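Undergrad: make a model of this:
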Amino acid sequence: MASLPRTSFSPIRVLIADDHSLFREGLRKLIESEAGFEVVGQASDGEMLLDMAREQQPDLILLDLAMPRQDGMQVLRELAAAEVPARTLVLTASINKSQIVQALKLGAYGVILKECTTQRLFDSIRCVMAGQYWIGRESVSDLVRALRSVASSEAGSRSKDFGLTPRELEIITLVVAGYSNPEIAQRCSISEQTVKHHMSNVFDKLGVSNRLELALFAVNHQLTESVA
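TA: Numbers count the residues shown, from 1 in each chain. Presented below is the predicted three-dimensional model:
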């Protein structure tokens, strides 16, 4: 989901969604104390957030998962359906790997815990606004394993192959399964340089820039096969 065009001098416009008023107000003061940030609204429940997001058109939404009148996951679905041009960063007290995967699949750009440091929060916002994913403490390999589990439980037919070759589809499957480039080279009996060449082609064809984005895209579009 793309964010609104911004000039290099425009502040990052943030919408806060959390059902605890003291936390929202404290977070607002914290964010506005940092140069280059502006809080454009605060929402205490999911329905209010959706209305404010459509009205305010923020650059970034800080979204708690546990909210009344539509929880965070429902809100992510609604935001995607409404094509609200904002990037969403889930800011929550606790979350498990399957919830992280679900949030990312629904369009969130990252997840960060409320216990994080101030600097880490600002780093995560800047990372997301730069078009990257932020996954907090979880390593990419952890999420790839979770994605592999999701892929195996969500059987479905592939609707489009995006111009990918059979070899590229094979490599995508291995990436989602958690294999490194040297391991892929060994399994496919090709050189590591050839794997990198295939990966570069895959990134270009799918419009992704890293392995996590590739894994998310592959799971969403049923591009993976079972790995023996």
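Undergrad: okay, CA-based contacts and neighbour counts for the rest of this
TA: Fine.
Undergrad: please enumerate the strands of this protein.
TA: 12-17, 37-43, 60-63, 87-92, 110-113 (DSSP state E).
Undergrad: redo these as TSV? Include mean pLDDT.
TA: Converted to TSV, the strands of the chain look like this (pLDDT from 0 to 100):
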stretch	mean pLDDT
strand 12-17	95
strand 37-43	95
strand 60-63	95
strand 87-92	91
strand 110-113	88
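Undergrad: got those strands as CSV, with mean neighbour count and distance to I184 columns?
TA: Below are these laid out as CSV (neighbours: other C-alpha atoms under 10 Å; distance: least, C-alpha to C-alpha, whole Å):
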stretch, mean neighbour count, distance to I184
strand 12-17, 24, 40
strand 37-43, 20, 43
strand 60-63, 25, 37
strand 87-92, 24, 32
strand 110-113, 24, 27
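Undergrad: residue at max distance from the center of this structure?
TA: S189 (32.8 Å; C-alpha atoms, centre = their mean).
Undergrad: hang on, the earlier thing: can you redo the strands of the chain as TSV with distance to T165?
TA: Shown next, in TSV, are the strands of the chain (distance: least, C-alpha to C-alpha, whole Å):
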stretch	distance to T165
strand 12-17	40
strand 37-43	44
strand 60-63	36
strand 87-92	32
strand 110-113	30
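Undergrad: A215 reaches L174, doesn't it?
TA: No. Look at A215 against L174 with C-alpha atoms under 8 Å: they stay out of range, at 9.8 Å.
Undergrad: compare these two and say which is more crowded by neighbours.
TA: The residue with more neighbours, out of A215 and L174, is A215; 27 against 23, by other C-alpha atoms under 10 Å.
Undergrad: how much space separates that one from T165?
TA: Remark: distance between A215 and T165 (C-alpha to C-alpha, to the nearest Å) = 17 Å.
Undergrad: contacts only, for the nearest residue to I12 once chain neighbours are set aside.
TA: Leaving aside its chain neighbours, I12 sits nearest to F37 (4.7 Å; criterion: C-alpha to C-alpha, 6 or more residues apart in numbering). Contacts for F37 (C-alpha atoms under 8 Å, 6 or more residues apart in numbering) come out as P11, I12, R13, V14, I31.
Undergrad: the second one against V40, yeah?
TA: It refers to I12. No. Using C-alpha under 8 Å, I12 is not in contact with V40; the gap is 9.6 Å.
Undergrad: go through stretch 20-36 and flag the buried ones.
TA: Using 16 or more other C-alpha atoms under 10 Å as the test for burial, stretch 20-36 gives R24, L27, R28, I31.
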